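>>> what would the 3D arrangement of this be:
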Amino acid sequence: MDLDIKVEVEMEMEGISKVQRLCDACNHVFAQKELPTFLQIQSLKNLLDTFEAADVGIDEFSLPGSPSSSPEGMKELICGQGVPEITYIHIHECDSFSIGIFCFPAGAMFPLHDHPGMTVLSKLLYGSVYVKAYDWVKLENSSSRTIRLARNVVDGILRAPCEPSILFPKSGGNIHSFAALTPCAILDVLSPPYSEDDGRPSTYFSEFPIPALPGYAMLEERELPDDLVVIGAPYLGPPLSLPEL
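Coordinates of the predicted model:
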């Protein structure tokens, strides 16, 4: 069945949460042997665009200690305005893809990092965030792996509601950074997920703009920043029904 039709049919079915639909659709697209088509990726983007914070167990308006209105089937929600540090909420991971949420307090910064060999779909659920993103410039005579030329492809502010973004292994802003202007949350789908064993580590970079080449910079690999703190929080959204292995 074509994915667009499959998603439309599932969206009409009662009792199936959005996050379950997303997981099933990702499994359909990314677990196949063939590379996903543009239409399949676009269908995932369209599905991701339907998400709101409450669909994944977050109350974007509440502060700690204040009452929140939980959708049916969820006992409580994470207080979106009360996250003290950058917080990662793990939803699901398999060999083909991972789904998770990054929550940011106002002023938090996530440094420049890459997604080697990955396709990434991201949805800003609420708030405002400044995004800066680069793609590598291919230089035939360059053998350096620690510092390379990159082209700036995104440099601006995203404000919810806005369309999901898609980045590909070699285009769309595979190396990017975030600075939260307000409390915000980003729902991410990564395929395949990060894996040190499979040669997909997360690498961090320092940027050195080139005054003579506006829009270009040299990016140099760096160690994991000492001041980067990411804490974990439980997923409180609708439960997932996963296929047995």
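>>> show the model's pLDDT score for residue 91.
On pLDDT, residue 91 comes in at 96.
>>> low pLDDT regions in the chain?
For the chain, the stretches with pLDDT under 70 are 1-14, 63-75, 139-145, 243-245.
>>> which residue ranges of it form helices?
Secondary structure of the chain (DSSP state H): helices at 3-12, 18-30, 38-48.
>>> tell me the most buried of these?
For the helices of the chain, the largest average neighbour count (mean count of other CB atoms under 10 Å) is found in helix 18-30, namely a mean of 20. In short, each C-beta sits where N, CA and C put it, glycine included.
>>> out of the helices of the chain, which is closest to residue 217?
With CB to CB as the criterion, residue 217 lies closest to helix 38-48 of the helices of the chain, at 27.8 Å.
>>> ok, residues contacting that closest one?
Residues from elsewhere that reach helix 38-48 (CB atoms under 8 Å, 6 or more residues apart in numbering): 3-4, 7, 18, 21-22, 25-26, 29, 119, 121, 123, 163-164, 166, 187, 189.
>>> sorry, back to before: okay if I get the helices of the chain as a markdown table plus distance to residue 128?
Output for the helices of the chain, formatted as a markdown table (distance: least, CB to CB, whole Å):
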| stretch | distance to residue 128 |
| --- | --- |
| helix 3-12 | 29 |
| helix 18-30 | 23 |
| helix 38-48 | 19 |
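>>> what distance separates stretch 163-178 from the centre of its chain?
9 Å (CA atoms, centre = their mean, to the nearest Å).
>>> in the biggest strand by length in the chain, what's buried?
Secondary structure of the chain per DSSP state E: the longest strand is strand 147-159. Neighbour counts over strand 147-159 (16 or more other CB atoms under 10 Å) mark 148-150, 152-154, 158 as buried.
>>> quick check, nearest of the residues you listed to residue 133?
Checking the buried residues of strand 147-159 against residue 133 with CB to CB, the nearest one is residue 154 at 3.8 Å.
>>> list the beta-bridge partners for the most centrally placed residue in the chain.
Nearest to the mean C-alpha position of the chain, by CA atoms, centre = their mean, lies residue 188 at 2.5 Å. Judged by DSSP bridges, the bridge partners of residue 188 are residue 100, residue 122.
>>> enumerate every residue touching it.
Residue 188 makes contacts with 98-102, 120-122, as judged by CB under 8 Å, 6+ apart.
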